[in-house]
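# with the sequence up front, the predicted model follows.
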Amino acid sequence: MNENKALQPTSIIIFGATGDLAKRKLFPAFYNLFIEGRMPEKFNIVALGRADKENEDFKNYVKENLVLFSRNQTSIETEWDKFSSHIIYFRHQIDEENSYKELDEKLKTLDNDYGVRANRLFYLSIAPNFVSVISGHLKNAVLAPNPAQDRIIIEKPFGHDKSSAIELNSLLSRTFEEEQIYRIDHYLGKETVQNILAFRFGNSIFEPIWNCKYVESVQITVAEEVGVESRGGFYEGTGALKDMIQNHLLQVLCMVAMEQPASLDAGEIRDRKVDVLRSIRRIPLDRVSHYAVRGQYGEGVVKGVKVKGYREEEGVAADSNTETFAAIKFYLDNERWEGVPFYVRTGKRMKEKHSYITIQFKPLPQSTFIAGKHPLSQNKLIINIQPLMDIRLQFMTKKPGLTVELKPVEMIFDYFSCKEDTPEAYETLLLDALEGDLTLFMRSDQVEEAWDVVKTIQEYWENNPDPSFPNYSAGSSGPEQCELLLQREEHAWE
Ligand SMILES: NC(=O)C1=CN([C@@H]2O[C@H](COP(=O)(O)OP(=O)(O)OC[C@H]3O[C@@H](n4cnc5c(N)ncnc54)[C@H](OP(=O)(O)O)[C@@H]3O)[C@@H](O)[C@H]2O)C=CC1
Ligand SMILES: O=C1O[C@H](COP(=O)(O)O)[C@@H](O)[C@H](O)[C@H]1O
């Protein structure tokens, strides 16, 4: 959503700068923005950590990780010195008041160097339980007093249920105005997800058929090949519903289902998304198993490599009830989507990494071509999010030759020709935050409403352990029951 705007001098303060997210995503994103000339002319990244480290040691650590994780590798040797001159490692204790006084002095010194009071962008790349502590200290030390200049980015998960999200929003509101709070959902920074709006509202041929009159069902799949890796401890208290569905998949669903916004204004787009979340029919507690399926991976083989089951992963309980797979059927109670099922599913240790959306169109009410004699497959639109990045429209054509047989073919728009230039999601989102554009970030009511959508499923799954776990093998397509969810409607997963 960003255009090349001249940016104000900015101090970027990263809490948790020594952590996994910072090394894999944040520093590479800032680096790529820097080499593309998208960072402010005057900026510093103040990297906060508990350990007593030399600045040079920390910079070397960042450089080593850039080599591993930056999408752009060619210029690291030539650009590194310039980029690293903007990094300052700063020893800091999250729960000590004095640490914030020292941070205040440091930021004021930087302001003197810039020659103006710079914008401040606080990035909370730390566990969610520290958010309220940090927010309180930022208030006490008057570190973010200016709504027009000071911003805070909060990572997911935002709360762990609806009431904790409401509480967190209320706590944050003591320090920040809503316009200062950037709740990140990195799926919204993905090029292919942002393109949904352009595709839907920038073309006259799709919008008229984007409704229950023509669409039979919608499927959203986010399949991951990886397991929980080193994050078993975190994942145990989370699971696929809270880790992926409540945020990423519901946000993608909003992009597919929302009404046309009157403008590209952040408030307008967020309003339309909240409308979708409100319209999702809540699933009654006693009907959860009819609408939702969960799974947990056991050992198996992924791409020829034998891998362990979830319960054998580090930090995971031997009798864990945490789901690593979730599939849900949603209905939207509004005029556009009356009766159209939206199937969403996500899982770890699936046979391949693939995220995509399928819009399945209804068959013609009457056709010249007779089913059985001239097999007809229904029109489909497939939006591949990753790693394939394309849009495919499937339709029927006559088989060439002396026949009246039909065959399905595809028309494809492929991003791969321009993939080199595709920014990582975090680059897009960080640039938006630097520019003060909230469009791709979640507003408080969006987050709370999304928690409300999954509330009964969460409650049911927490209180009713699934005795069939583990119920799918690593490297498979998920639990068998997942197929039944669609078969009841005579549908099948794409
Ligand atoms: N990693 C990922 O892929 C993703 C992460 N996230 C979210 O991003 C945030 C950060 O995640 P991640 O980087 O993986 O987390 P890490 O576990 O790697 O830790 C982040 C930082 O937390 C600090 N820290 C840990 N314990 C304490 C403590 N008791 N007191 C003060 N500081 C502490 C550490 O800093 P120190 O150097 O001071 O020890 C560390 O740098 C989380 O909210 C996570 O949910 C969201 C999406 C993906
Ligand atoms: O937020 C998260 O997302 C990742 C998947 O992100 P992707 O961009 O690789 O699709 C997921 O692995 C992780 O568990 C979750 O916290």
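Alright, I've got the coordinates. Residues are numbered from 1 along each chain as shown. Ligands and ions are numbered 1, 2, ... in the order given.
# ok, for the residue of the chain found nearest ligand 1, nearest residue in space, not its chain neighbours?
In the chain, the residue that lies nearest ligand 1 is G19 (2.4 Å; Cβ to the nearest ligand atom). (Each C-beta comes from the backbone N, C-alpha and C, glycine too.) Closest residue to G19 apart from its sequence neighbours, by Cβ to Cβ, 6 or more residues apart in numbering: S125 at 5.8 Å.
# ok, F158 next?
Excluding its sequence neighbours, the residue lying closest to F158 (Cβ to Cβ, 6+ apart) is V447, at 5.0 Å.
# show residues contacting the longest helix anywhere in the chain.
When the chain is parsed with DSSP state H, its longest helix is helix 444-463. With contacts defined as Cβ atoms under 8 Å, 6 or more residues apart in numbering, helix 444-463 is touched by 158-159, 161-162, 165-166, 169, 173, 178, 181, 183, 239, 241-242, 245-247, 250-251, 270, 273-274, 277-278, 280, 282-285, 288-289, 291-292, 294, 321, 323, 328, 330, 442.
# and with 6 Å instead?
Helix 444-463 is contacted from outside by 158, 161-162, 165-166, 169, 241, 246, 250, 273-274, 277, 280, 283, 285, 288, 292, using Cβ atoms under 6 Å, 6 or more residues apart in numbering.
# hang on, the earlier thing: just give me the neighbour total for the residue of the chain closest to ligand 1.
Residues contacting G19 under the criterion other Cβ atoms under 10 Å number 15.
# for Y61, same thing?
Neighbour count for Y61, taken as other Cβ under 10 Å: 17.
# phi first, then psi, for Y472.
Backbone torsions of Y472, given as degrees, to the nearest 10, read phi -150, psi 150.
# number the residues from 39 up from this point.
New numbering, starting at 39: the last item is Y510.
# give the contact list for it.
Each residue near Y510 by Cβ under 6 Å, 6+ apart is listed here: 333, 335, 516-517.
# what of Q398?
Per Cβ under 6 Å, 6+ apart, neighbours of Q398: 254-255, 418.
# and the helices in the stretch 389-532 of the chain?
For the stretch 389-532 of the chain, the helices defined by DSSP state H, counting those that start in this stretch cover 463-473, 482-501, 519-525.
# now A295. Nearest residue, chain neighbours left out?
Leaving out its chain neighbours, the residue that sits closest to A295 by Cβ to Cβ, 6+ apart is V314, at 4.8 Å.
# so that neighbour is in contact with M296, correct?
Yes: between V314 and M296 there is a contact at 5.1 Å, judged by Cβ atoms under 6 Å.
# enumerate the residues of the stretch 89-238 of the chain near ligand 1.
Applying Cβ under 6 Å from any ligand atom, we find that the stretch 89-238 of the chain lies next to ligand 1 at 89, 132, 163-166, 193-194.
# report the buried members of those.
Neighbour counting by 16 or more other Cβ atoms under 10 Å classes 132, 163-164, 166, 193-194 among those as buried.
# from those residues, which is closest to A179?
Closest to A179 out of these is I132 (12.7 Å), distances taken as Cβ to Cβ.
# I'd like the helices of the stretch 389-532 of the chain as CSV, with mean neighbour count, distance to N110 and mean pLDDT appended.
Shown next, in CSV, are those (neighbours: other Cβ atoms under 10 Å; distance: least, Cβ to Cβ, whole Å; pLDDT from 0 to 100):
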stretch, mean neighbour count, distance to N110, mean pLDDT
helix 463-473, 23, 10, 97
helix 482-501, 20, 32, 98
helix 519-525, 16, 39, 91
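# quick one: end-to-end distance for stretch 45-63.
End-to-end distance for stretch 45-63, by Cα to Cα, to the nearest Å: 22 Å.
# appreciated, that's everything.
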